[in-house]
Structures are given as C-alpha cells and as structure tokens.
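Undergrad: Provide a 3D model corresponding to the input given below.
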Amino acid sequence: MDQGKTVQGQKRKHFSMLRSLALADMLTLGNAACGMVSILMCLRGLQSRDPGLLWTAIALLPVALVLDFLDGFVARWRRRASYLGADLDSLADIVSFGVAPAVLAYALGMRGFWDMVILVVFVTCGIARLARYNATMEELQNEKGKVEYYEGTPIPTSLVLVGVLAIAFGMDAVDDKLWFGVHSILGADFHPLSLMFLLSGSAMVSATLKIPKP
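TA: Reported below is the predicted structural model:
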C-alpha cells in the first residue's frame with residue numbers, strides 16, 4: 001500500500017510540526033526543557049556533590065511553573081486554539097512537576113527501596129491524573145465551554161514538595177540527615193518524609209477533591 005495515501009486513495013495532508021506550533025506551545029516546550037534540565041542537574045549533582053547544581057535543579061522548577069501559567073495566558077490572549085496544545089501541556093507537566101520532583105527527592109536522599117516505590121507511584125499518579133483530565137475535559141465544561149474545577153489536585157502542586165525539599169537542603173537535612181530519619185521495613189530502607197509524595201499522588205487521582213479552576 002502506498003503510505004502517502006489514505007485508505008480511500010486520497011493523499012494525506014503533510015503535518016508540519018514547526019508550522020503547527022503556536023507561541024503558547026513554545027512556552028510549553030520551555031516548561032518541559034526546564035524540567036529536563038532540572039533532572040540532568042540532579043544527576044550531575046548526585047555524582048559531583050556540587051550543591052550549586054542541586055540549587056539550579058530546584059530553581060528551574062518554579063521557572064517551569066511560570067511558563068506553564070504563561071502558555072495558558074498567551075493562548076487565551078491570542079485566541080488561537082493550538083492543535084498540539086493540550087497534549088503538549090500534559091507531557092511537559094509530567095516532566096517538570098512529576099518526574100523532576102521525584103528525581104530531586106532521590107538526589108537529596110530518598111533512595112531506599114520503599115522510597116523509590118513511593119516515587120514511582122507518585123509519578124504514575126501524575127500521569128493518570130493528566131490522562132483523566134484530558135479524557136474528561138469536555139464533560140467538565142459548562143455552557144460557556146469553560147472547565148470550572150479540577151478533579152483531584154493539579155500536578156503543579158508538587159512544587160509544594162519541592163519547597164519542602166529546598167528547605168531541607170538549605171538546612172543540610174539531606175541523605176542520612178533527612179527529617180524523621182530512616183527506618184527499615186522488611187529489610188529495606190524507608191524515609192518517612194517520602195510519604196508526602198504518596199499523599200500528593202493520592203490527592204492528584206482523587207475523584208472527590210474538587211479544586212476550582214482559575
């Protein structure tokens with residue numbers, strides 16, 4: 001079969017990625033880039049133990065949040081619906097507000113087996129929460145086409161966890177000195193502070209929490 005044609009024999013319209021990107025999409029990609037650089041800074045900081053790298057990783061996540069806010073603002077200002085906007089936004093958010101905070105927590109000391117389980121659950125909850133929002137967005141819209149509330153906490157609320165980690169890092173309460181210490185469960189290490197990621201993930205996928213949408 002000629003891959004340049006559809007089943008009906010009509011030639012498919014060429015999809016140009018660059019031409020499809022709106023200004024809001026570029027801001028969204030900037031959000032994702034901040035999250036990815038933050039992850040890389042965590043990995044380099046974990047290897048070199050350079051605190052400057054970890055502070056850079058922390059600082060990039062609020063920048064990602066600003067870009068996440070601006071992409072929606074610019075899209076509404078320009079009144080241009082983006083073909084890729086919703087999907088790009090979700091993918092960027094899971095990098096910057098899901099994976100990056102989890103990697104930061106790992107770099108700062110949550111490296112026990114049970115900590116890692118919790119961090120994996122946190123990220124998967126974030127993915128599930130964003131997928132649910134995209135799938136149910138039309139159902140949540142009012143007569144004017146506006147979504148009035150979120151079901152579960154939005155994934156950018158993970159910056160609260162980043163703030164806690166930043167305070168701990170500033171107080172040198174990292175690695176073996178993490179608040180609440182380290183405990184052994186079934187022979188594997190567990191830092192109770194990692195429970196805040198479990199609570200955050202649970203709140204994101206909760207169907208009973210109704211958060212007003214600005």
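
Undergrad: Asn154 touches Leu209, doesn't it?
TA: Careful, residue 154 is Pro and not Asn. No - contact between Pro154 and Leu209 fails when scored by Cβ atoms under 8 Å: they sit 10.4 Å apart. To be clear about C-beta, it is placed using only N, CA and C from the backbone, and glycine gets the same treatment.

Undergrad: Residue ranges in the protein under the pLDDT threshold?
TA: For the chain, residues meeting the criterion pLDDT under 70 lie at 1-22, 75-85, 137-138, 140-148, 214.

Undergrad: Do you have the strands of it handy? List them.
TA: Taking DSSP state E, the strands of the chain run over residues 149-151, 183-185, 188-190, 210-212.

Undergrad: Mind putting those strands into JSON lines with mean neighbour count and distance to Gln47?
TA: Shown next, in JSON lines, are the strands of the chain (neighbours: other Cβ atoms under 10 Å; distance: least, Cβ to Cβ, whole Å):
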{"stretch": "strand 149-151", "mean neighbour count": "16", "distance to Gln47": "37"}
{"stretch": "strand 183-185", "mean neighbour count": "11", "distance to Gln47": "27"}
{"stretch": "strand 188-190", "mean neighbour count": "16", "distance to Gln47": "21"}
{"stretch": "strand 210-212", "mean neighbour count": "11", "distance to Gln47": "38"}
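
Undergrad: Can you convert those strands into JSON lines and add a column each for distance to Asp71?
TA: Output for the strands of the chain, formatted as JSON lines (distance: least, Cβ to Cβ, whole Å):
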{"stretch": "strand 149-151", "distance to Asp71": "17"}
{"stretch": "strand 183-185", "distance to Asp71": "41"}
{"stretch": "strand 188-190", "distance to Asp71": "38"}
{"stretch": "strand 210-212", "distance to Asp71": "19"}
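
Undergrad: got a list of what the closest residue to Asp89 other than its chain neighbours touches?
TA: By the measure of Cβ to Cβ, 6 or more residues apart in numbering, the closest residue to Asp89 outside its immediate chain neighbours is Thr28, 5.4 Å from it. For Thr28, the contacting residues are 67-68, 71, 85, 88-89, 92, by Cβ atoms under 8 Å, 6 or more residues apart in numbering.

Undergrad: about what we covered before: between Pro154 and Leu209, which is the more surrounded one?
TA: Pro154 (18 against 14; other Cβ atoms under 10 Å).

Undergrad: Backbone dihedrals for that one, please?
TA: Phi and psi for Pro154, reported as degrees, to the nearest 10, are phi -60, psi 150.

Undergrad: If you drop the residues flanking it in sequence, what lies closest to it?
TA: Going by Cβ to Cβ, 6+ apart, Pro154 has Ile211 as its nearest residue, at 6.7 Å.

Undergrad: Spit out the contact partners of the one you found.
TA: Shown in contact with Ile211 (Cβ under 8 Å, 6+ apart): 149-154.

Undergrad: just to revisit the earlier point, from His183, how far out is the residue nearest to Asp89?
TA: Per Cβ to Cβ, to the nearest Å, Thr28 is found 40 Å from His183.

Undergrad: and if you look at His191?
TA: Taking Cβ to Cβ as the measure, His191 falls 8 Å from His183.

Undergrad: how close does the closest residue to Ala131 other than its chain neighbours sit to Ile127?
TA: Excluding the flanking residues, the one nearest Ala131 by Cβ to Cβ, 6+ apart is Ser90, at 7.5 Å. Noted for Ser90: a distance of 9 Å to Ile127, by Cβ to Cβ.
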